[in-house]
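> got a predicted model here, sequence first, then my questions.
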Amino acid sequence: MKILFTHGYFLSEDPKELQIMRPYVPLGILYISAFLEKYGYENDVFDSTFSTLDKLKEQLISTTPNVVAIYTNLMTKLNVLKIIKYIKTEPLLKNTKIILGGPEVRNHTENFLNYGADFIIIGEGEETTLELIKFLDALTNLSLREVPIAIGTRSEELMSIKGLAYLENGKVITTPERALIKDVNVLPFPAREKIDFKPYLNGWKIHHGYSMMSVSTMRGCPYTCKWCSRAVYGGTYRRRSPQLVAQEMKHIKVTYNPDMIWFVDDVFTIHHKWLTEFAEEVKKQDAVIPYEIISRADRLNEEVIKTLKASGCFRVWVGAESGSQKIIDAMDRRVDVMQTREMIRLAKQYGLEAGTFIMLGYPGETKDDIKQTIEHLVQSNPSQYTITVAYPIKGTELYNEVKNEFLDQRLEWETSTDRDIDFKRTHPKQYYQYAIQWVMNEVYLKTKNKNLLKIPYLKLKSLKYQLQMEMSK
């Protein structure tokens with residue numbers, strides 16, 4: 001049985017990311033690839049990041065896989081639809097079954113199935129994919145005419161696979177939710193050997209002067225931020241042992257020798273005892289690699305920051321989202337703005353870089369809230385920060401709160417993503433896009449500008465952005 005994994009993200013189509021150049025490999029499909037290999041199912045991975053859709057098509061034609069499994073998220077959705085359409089209209093691929101998984105599919109299941117996907121894996125992918133592959137493996141020697149008959153006669157077996165959706169006689173069948181893997185230590189390391197890391201490492205090196213790789217130590221996030229999607233791992237917290245994580249880091253260090261590691265976990269410091277054991281284990285196994293993480297202010301303190309520093313951490317991202325406690329509470333962030341500010345400063349005091357995230361345009365946000373965000377950034381003075389305008393992802397509480405206030409109810413699913421959704425805010429979306437420029441200019445003026453001659457110019461720019469904000473109302 002020939003199985004191909006891919007993900008439909010093409011870096012060459014992403015001008016912003018080409019400029020930023022911080023590419024990471026698709027860890028999700030590498031985990032599932034390794035899991036299938038563990039149970040005897042060989043498979044290939046087509047990493048599309050540094051490739052093209054045409055080359056993927058060539059791979060499909062030359063190998064004619066029985067199964068193509070595609071990781072699908074908000075960013076890749078439109079390309080995934082192109083891949084589905086190509087497979088379903090190419091005669092040489094008439095026997096190929098399409099499996100979709102990832103965060104985008106749970107809340108758009110029927111649309112993806114009607115577009116041509118054969119199976120949707122809802123939630124965590126390893127066990128469901130394995131059971132589905134076992135089912136499909138028994139059909140590989142049947143003719144195209146016999147496959148639907150065989151599936152029909154074995155419908156009970158198919159329905160017994162939890163976490164699955166498919167069409168039967170035009171009707172969407174969704175099997176019961178699959179329980180998440182309790183002990184994630186049973187998972188093999190991601191199948192990184194199936195990826196060519198040279199373009200990744202070189203891309204980082206050329207653009208930033210250092211190379212970076214990614215590692216996952218946990219699954220799920222138990223926090224309640226209304227704008228955050230939990231479509232795959234839910235509101236859980238499941239952690240790999242410090243020993244296994246250090247072992248994986250040691251393997252990466254010996255095999256790839258990157259300059260730095262990015263831990264993709266939502267809240268790396270959620271469990272302080274785990275962190276202490278991790279710090280001990282990476283030293284014990286000679287696995288220390290400089291790394292950066294994401295955390296929350298309420299899961300940081302002086303001891304945690306010292307432990308991070310001692311174990312190789314060089315940068316911590318402290319989620320802020322806003323400098324207005326009113327907006328933080330509206331998001332259900334359950335964190336104090338002043339504590340966030342203090343942890344950013346404390347991290348810097350101990351020699352770590354401290355980044356933070358800002359989100360503008362959340363429901364109810366006013367200019368006064370944005371002023372508080374500016375003050376927050378000035379007072380905390382993070383090493384770096386990012387700003388986005390809020391958008392609702394289907395399945396989140398934010399989406400449910402604003403879905404009756406969408407400004408354009410006519411968006412075509414096949415040609416748009418949730419990023420295109422706009423809703424009635426305190427001010428129009430354009431207002432907040434100008435506000436981003438205002439925030440960045442004000443923060444630079446008050447924290448980074450060392451040239452007195454530039455002050456009048458920067459103040460004039462701030463007035464310009466504020467005028468644009470007012471005109472966009």
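Sure, I can see it.
> which parts of the stretch 151-300 of the chain are helices?
Applying DSSP state H, counting those that start in this stretch to the stretch 151-300 of the chain gives helices spanning 155-159, 198-208, 242-255, 272-284.
> redo those helices as a markdown table? Include mean neighbour count and distance to residue 332.
Quick note: C-beta positions are derived from backbone N, CA and C, even for glycine. Listed next are those as a markdown table, based on neighbours: other C-beta atoms under 10 Å; distance: least, C-beta to C-beta, whole Å:
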| stretch | mean neighbour count | distance to residue 332 |
| --- | --- | --- |
| helix 155-159 | 13 | 36 |
| helix 198-208 | 16 | 35 |
| helix 242-255 | 18 | 30 |
| helix 272-284 | 17 | 23 |
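> okay, those helices in JSON lines with distance to residue 381 and mean pLDDT next?
Shown next, in JSON lines, are the helices of the stretch 151-300 of the chain (distance: least, C-beta to C-beta, whole Å; pLDDT from 0 to 100):
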{"stretch": "helix 155-159", "distance to residue 381": "57", "mean pLDDT": "87"}
{"stretch": "helix 198-208", "distance to residue 381": "22", "mean pLDDT": "96"}
{"stretch": "helix 242-255", "distance to residue 381": "31", "mean pLDDT": "98"}
{"stretch": "helix 272-284", "distance to residue 381": "26", "mean pLDDT": "98"}
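> figure out which of these is closest to residue 56.
Residue 56 sits nearest to helix 198-208 of all those, at 15.7 Å, using C-beta to C-beta.
> which strands or helices does the closest one pack on?
Contacts defined by 3 or more C-beta pairs under 8 Å, 6 or more residues apart in numbering; DSSP states H and E place helix 198-208 against strand 212-215.
> thinking again about what came up before, need the helices of the stretch 151-300 of the chain in a markdown table with distance to residue 103, can you?
Converted to a markdown table, the helices of the stretch 151-300 of the chain look like this (distance: least, C-beta to C-beta, whole Å):
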| stretch | distance to residue 103 |
| --- | --- |
| helix 155-159 | 24 |
| helix 198-208 | 22 |
| helix 242-255 | 23 |
| helix 272-284 | 25 |
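> those: which one's closest to residue 454?
Closest to residue 454 of these is helix 198-208 (C-beta to C-beta; 26.7 Å).
> tell me which stretches of the stretch 351-473 of the chain form helices.
For the stretch 351-473 of the chain, the helices defined by DSSP H, counting those that start in this stretch cover 367-380, 397-402, 429-443, 455-471.
> quick one: the shortest one to chain centroid distance?
Between the mean C-alpha point of helix 397-402 and the mean C-alpha point of its chain there is a distance of 20 Å (C-alpha atoms, centre = their mean, to the nearest Å).
> quick check: buried residues in it?
By 16 or more other C-beta atoms under 10 Å, the buried positions in helix 397-402 come out as 398, 399, 402.
> out of these, which one sits closest to residue 168?
Using C-beta to C-beta, the buried residues of helix 397-402 come closest to residue 168 at residue 399, 28.6 Å.
> quick one: low-confidence ranges for this protein?
For the chain, residues meeting the criterion pLDDT under 70 lie at 141-153.
> where's residue 428 relative to residue 357, distance?
Distance, residue 428 to residue 357, using C-beta to C-beta, to the nearest Å: 23 Å.
> try residue 282
26 Å.
> repeat for residue 43
Look at residue 43 and residue 357: by C-beta to C-beta, they are 35 Å apart.
> quick one on the thing from earlier: for the buried residues of helix 397-402, which one is nearest residue 347?
residue 398 (28.3 Å).
> show me what contacts that closest one?
By C-beta atoms under 8 Å, 6 or more residues apart in numbering, the contact set of residue 398 is 226, 227, 363, 390, 392.
> likewise residue 378?
By C-beta under 8 Å, 6+ apart, the contact set of residue 378 is 442, 443, 446, 447.
> then residue 411?
Residue 411 neighbours (C-beta under 8 Å, 6+ apart): 420, 421.
> and with 10 Å instead?
Residues counted as contacts of residue 411 (C-beta atoms under 10 Å, 6 or more residues apart in numbering) are 417, 418, 420, 421, 422.
> let me have those residues in TSV, extended by neighbour count.
Converted to TSV, the contacts of residue 411 look like this (neighbours: other C-beta atoms under 10 Å):
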residue	neighbour count
417	19
418	19
420	11
421	19
422	19
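> for stretch 431-447, which positions count as buried?
Within stretch 431-447, the residues scored as buried using 16+ other C-beta under 10 Å are 431-432, 434-443, 445.
> make TSV out of the residues you listed and add distance to residue 208.
Below are these laid out as TSV (distance: C-beta to C-beta, whole Å):
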residue	distance to residue 208
431	33
432	29
434	30
435	29
436	23
437	25
438	28
439	25
440	21
441	25
442	27
443	22
445	26
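> which one of these sits closest to residue 171?
Lowest distance from residue 171 to the buried residues of stretch 431-447 (C-beta to C-beta) belongs to residue 432, with 42.1 Å.
> quick check: the gap between residue 1 and residue 22.
According to C-beta to C-beta, residue 1 stands 36 Å off from residue 22.
> higher neighbour count, the two?
Applying other C-beta atoms under 10 Å to residue 1 and residue 22 shows that residue 1 carries more neighbours, namely 16 against 12.
> got the contact list for that one?
Contacts of residue 1 by C-beta under 10 Å, 6+ apart are 41-43, 65-67, 133-134, 136-141.
> generate a PyMOL selection restricted to the buried subset of those.
To isolate the buried members of the contacts of residue 1 in PyMOL, using 16+ other C-beta under 10 Å:
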select buried, resi 41+43+65+66+67+133+134+136+139
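> returning to that earlier point: and the buried residues of stretch 431-447, which two are furthest apart?
The farthest-apart pair in these, when distances are taken by C-beta to C-beta, is 431 and 445, at 20.6 Å.
> now residue 27: how far from residue 211?
Residue 27 is 17 Å from residue 211, by C-beta to C-beta.
> residue 178 too?
In terms of C-beta to C-beta, residue 178 sits 36 Å off from residue 211.
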